[in-house]
Every structure is written in structure tokens, then in C-alpha cells.
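In: Next comes the sequence, and after it the predicted model I'd like to discuss.
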Amino acid sequence: MRKVLFLLLLPALLTNAIVDSTENDVELTEEEKYEITQTPYGSYFTAIPQNPNVYKETMTFETEDLEKVAGSVKPNLPLAIKELTVNQAGVPLFRLANGQYLPADKQVVYEDLVLSMVDTKQTTLWLQPGFTVYEQARINGVKEVKTDLEAYRPVLVSKFAETPSGTYAYVANKGWISQEFLSETDNRMDKVQEILSKHHNQEQYSIYVKQLETGKTAGIHPDKQMYSASVMKLPLLYYTQEKLNQGEYQLATPLKYIEAVNDYKGAYDTAGSGSISKTADNQEYSIEDLINRIAKESDNAATNILGYYVTNQSEKSYREKINQISGNVWDVEEREASSKMAGNMMEAIYHQNGRIIDILSQTNFDDQRISKDIPVKVSHKIGDADDFRHDVAIVYADSPFILAIFTEHSDYETITKIANDVYGVLK
């Protein structure tokens, strides 16, 4: 009989022992106490535990001899124990309220109580998907509560409690959540990636998102290259700001519009957008005026003038610099680039924190694409050519982020929809 019982109990054996200092006292005979201390089967209860629970689904028996299975008890359900007894084989048993018997083995049954609780300074943590909120630190019998909490959002935690099932954190005015579903770092980019993958995973898109405070990224084909059109003007704006920061030029520095500025490696066709004369007019334009026209109007002639003088007709040092920052070769004539390359360049402009950022936030294209519906400051540069529609931006949410969207055979509203989805998570 002892051997049979041992085989029945063996699958339920666990290694963690639970402190039983809170058990209810039960009177046992000297013979029963002797049997409990001498049994070879494991560590048994000597009193009925408070709030009993089982580690896993466990068989119950009709009689004390444990010969016939009556049913089972499952974890985290009410377990009413009426009596602690010892059968003729010397095995301690719990007689349940329904008259069935369960071995009183601490490797099968445990006392499900809060083991410790610590108050802590309010800490911001981030919710992971799949969490459940409880009215107390989770032990057997504790109820779930409904709240307005959402995954990928911050919560304030002020207490931690240890129970046999794990560590739980108290979220102010909401309830208790398992620490397993709390992240110490902002996890919103996981949600951004989920949305992009589910709703915007198109072969003709190259999308790159980077949260500037955390350095976390998300994207769809972020390394896919396509014709970058006027987004290629971002490297020129960055390089000009560097020269201004280094004192080589001033915003008031005049540059003369001569015929040569429209005929060098990297020059744009002046037939495109912009208000400056499409042909050289021998007039002088300040660097500040040219920057404004490039950022606000995407003026091609202004781009050529600035590039001719400031980059010295796209000299080698300029090309090497933009390749280094973008992370790949961004040819000034072919203009092939990816959203990630453009995003890297916009991030460099963000860190410059110069005049160009403010100008890029007040363009003729703010009512379309990325900035159309977003209610916070957006500094961006658009690009259009044939079937290509692009926009690259710094979005000044509470946690600023870079958003670069390159599309082929798409439209402005698609770019707006992608931007709104990303902002909806990172706002």
C-alpha cells in the first residue's frame, strides 16, 4: 500500500517548500504525530493550512485507504478541508468538505498566502500584453478586476508582494499585476512594429521608426532603396547647418545665382518646384533665404545654389560625410536611398538642434502626409517624383521619434494613415 501511494504522489512532487507557520492548529494523537514524523513519503502537514491550494490537478479518493479515485482538485479553485487525519497505513490525509480524501503532503498542497509585501517609491513600469489585474496580490480565491488599463502603456507601481505563485505589483487605484507582465523600459515600439506588420506590410513601402530616447526601432523593409527625390535635400540641409555651426558661413552670407550652379554633379532640374527663377538671374540670395526656400518650398534652384557653394559642387568630403551619417552610399546623382538612410540623416539634424529644424516645421506641405493630422510639432521633408511619394520627419511627441516613409505607387493619404497609426502609440 505504501509503495502504491508513493507512485501516485510522485508526479506531483515539487521542490519549493512553503512556510507553514500560519496553519490552523489541529489536535492529533501521539500515535498520529509519530506516524507523521516517521513516514517515508515526504513532508506532511500537522495542521490544516489557511487558504490551501494545489500545485497541479491532483486526484482525490473515496475512502481513507486511497484505493479508489473519486475525482480531482485543480489549482486556484476553492479547496475546503474539514479534517486532518491519518489512515491505517500511517498516511496523513485531508478529509474534504465533500467527503473525499487528499494526501496531506506539502509537495501536493501548499498554503497560498502573501509571503511578504514591500512599499516602494512610485516607479513607472510599462504593461506587457496578456496581463490580468487582481483585487489583491494573487493567491487562491482572489478575484480579477476590470480596468481601463492597456498594454504598452505606463503605470505607477507603489508596492510589491511575494506569493507562492510569484511577485505582484500594485498599480495605484487599479489593482495587482504579475511582475511577469511589467517592463522596466518603454515597450511601445513593440506595439508599433505589431501595427506596421499587420496593416502596412507592403512590398512597395520602406518604413523606419526610431524612438530617440530609447534608441528602439521598428519598420517595414527599412533598408529597401528607391529613388529618394527631394528627400536628398536633407543631407544638404544637414551639411549647411554644420558649416554654420563651425562658423564657415553665416545665415546672412550672400550666394550668387550664376549659370554654373545648375550644372554640377548632384544638381536638380530647375523645372521642378520652387519660386526662384528657373534660370540663373545673377542675383544674390542669403543662406537663410535659400534654406527657407528648400525646406518650405522644396525649391530646386535654391538647392542648386546652396549645393554649388556650400558642398563645393558635391565634393568628396561632402559625399563621404552623408554616406557615413546615412549608413550607406547615398549617391548624389542616382539618389537611391532607403527610409532608414533618410531617418538617420533626419536624426543627425535633430541632434544639431539648429535653425533648420524650426524651418522644417513650417513648410508648404504641413497639411499633407506625416504632419497632416498630428497635433504636435513635426519637422519634415517631403519628396515626390513620378510614382514615388515620401516624407521624413521628427515628431515631437512626449518622447520624440523619427518617422521615415518611402512609398512607390501610393499616395499622400496612405502616408498620413501610417503616420497616424504610429503616433497613436507613441504620442
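Out: Good, I have the coordinates. Numbers count the residues shown, from 1 in each chain.

In: next structured bit after the longest strand anywhere in the chain?
Out: Criterion DSSP state E: the longest strand present in the chain is strand 116-127. As assigned by DSSP states H and E, the chain's next helix or strand after strand 116-127 is strand 154-163.

In: Show me the contact partners of that following strand.
Out: Around strand 154-163, the neighbours that count as contacts under CB atoms under 8 Å, 6 or more residues apart in numbering are 112-127, 137-139, 149, 167-172, 174, 176-177, 179, 182, 186. (C-beta placed from N, C-alpha, C; glycine too.)

In: Which strands or helices does the longest strand of the chain pack on?
Out: Applying 3 or more CB pairs under 8 Å, 6 or more residues apart in numbering; DSSP states H and E, one finds that strand 116-127 contacts strand 154-163, strand 182-183.

In: could I get those as JSON lines with mean neighbour count and distance to Thr132?
Out: Output for the helices and strands packed on strand 116-127, formatted as JSON lines (neighbours: other CB atoms under 10 Å; distance: least, CB to CB, whole Å):
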{"stretch": "strand 154-163", "mean neighbour count": "17", "distance to Thr132": "14"}
{"stretch": "strand 182-183", "mean neighbour count": "17", "distance to Thr132": "12"}
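
In: Between the ones you listed, which one is closest to Lys68.
Out: Nearest to Lys68, of all the helices and strands packed on strand 116-127, is strand 154-163, at 34.4 Å by CB to CB.

In: Report the backbone C-alpha coordinates of that closest one in PDB.
Out: What follows is strand 154-163, C-alpha atoms only, in PDB (Å, rounded to 0.1, in the frame of the first residue of the first chain):
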ATOM      1  CA  PRO A 154       3.000  53.300 -18.400                       C
ATOM      2  CA  VAL A 155       1.600  52.600 -14.900                       C
ATOM      3  CA  LEU A 156       2.700  53.700 -11.500                       C
ATOM      4  CA  VAL A 157       3.700  51.000  -9.100                       C
ATOM      5  CA  SER A 158       4.000  51.600  -5.300                       C
ATOM      6  CA  LYS A 159       4.100  48.100  -3.700                       C
ATOM      7  CA  PHE A 160       5.400  44.600  -4.400                       C
ATOM      8  CA  ALA A 161       4.100  41.400  -2.800                       C
ATOM      9  CA  GLU A 162       5.600  37.900  -2.900                       C
ATOM     10  CA  THR A 163       3.200  35.000  -3.100                       C
END
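
In: Neighbouring strands - and their directions - for that strand?
Out: Applying DSSP bridges, strand 154-163 is found paired with strand 116-127 (antiparallel), strand 166-171 (antiparallel).

In: Give me whichever of those is most buried.
Out: Counting by mean count of other CB atoms under 10 Å, strand 166-171 has the highest mean neighbour count of these, with a mean of 20.

In: Return the distance of it from the chain's centre.
Out: With CA atoms, centre = their mean, to the nearest Å as the basis, strand 166-171 stands 21 Å off its chain's centre.

In: related to what we said a few turns ago, closest one to Phe131 among the helices and strands packed on strand 116-127?
Out: strand 182-183 (7.8 Å).

In: And for the closest one, what's in contact with it?
Out: Contact with strand 182-183 is made by 125-128, 131, 155, 157, 169, as judged by CB under 8 Å, 6+ apart.

In: Not counting its own residues, what contacts the next helix or strand after it?
Out: Later in the chain than strand 182-183, the nearest helix or strand by DSSP H and E is helix 188-199. Under the criterion CB under 8 Å, 6+ apart, residues 126, 151-152, 207, 209, 211, 214, 216-220, 418, 421-422, 425-426 lie in contact with helix 188-199.

In: again, only using 10 Å
Out: For helix 188-199, the external contacting residues (CB atoms under 10 Å, 6 or more residues apart in numbering) are 126, 128-129, 150-154, 183, 205, 207, 209-211, 214-220, 399, 401, 403, 417-418, 421-427.

In: Phe365 is nearest to which of the helices and strands packed on strand 116-127?
Out: Between Phe365 and those, the shortest separation by CB to CB is 33.1 Å, and it involves strand 154-163.

In: residue boundaries of the strands in the stretch 151-300 of the chain?
Out: Along the stretch 151-300 of the chain, counting by DSSP state E, counting those that start in this stretch, strands occupy 154-163, 166-171, 175-178, 182-183, 205-211, 217-220, 225-227, 254-256, 284-286.

In: circling back to that earlier point, please identify which pair of the contacts of strand 182-183 lies farthest apart.
Out: Spanning the widest gap among those are Gln128 and Val157, at 13.4 Å by CB to CB.

In: Quick check: buried residues in stretch 70-84?
Out: By neighbour count on 16 or more other CB atoms under 10 Å, the buried set for stretch 70-84 is 73, 79, 81, 84.

In: The last one touches Pro103, doesn't it?
Out: When you say that, I think you mean Leu84. No - between Leu84 and Pro103 there is no contact under CB atoms under 10 Å: 11.2 Å.

In: what's the nearest residue to Val157 if we skip its chain neighbours?
Out: Leaving aside its sequence neighbours, Val157 sits nearest to Ala169 (CB to CB, 6 or more residues apart in numbering; 4.4 Å).
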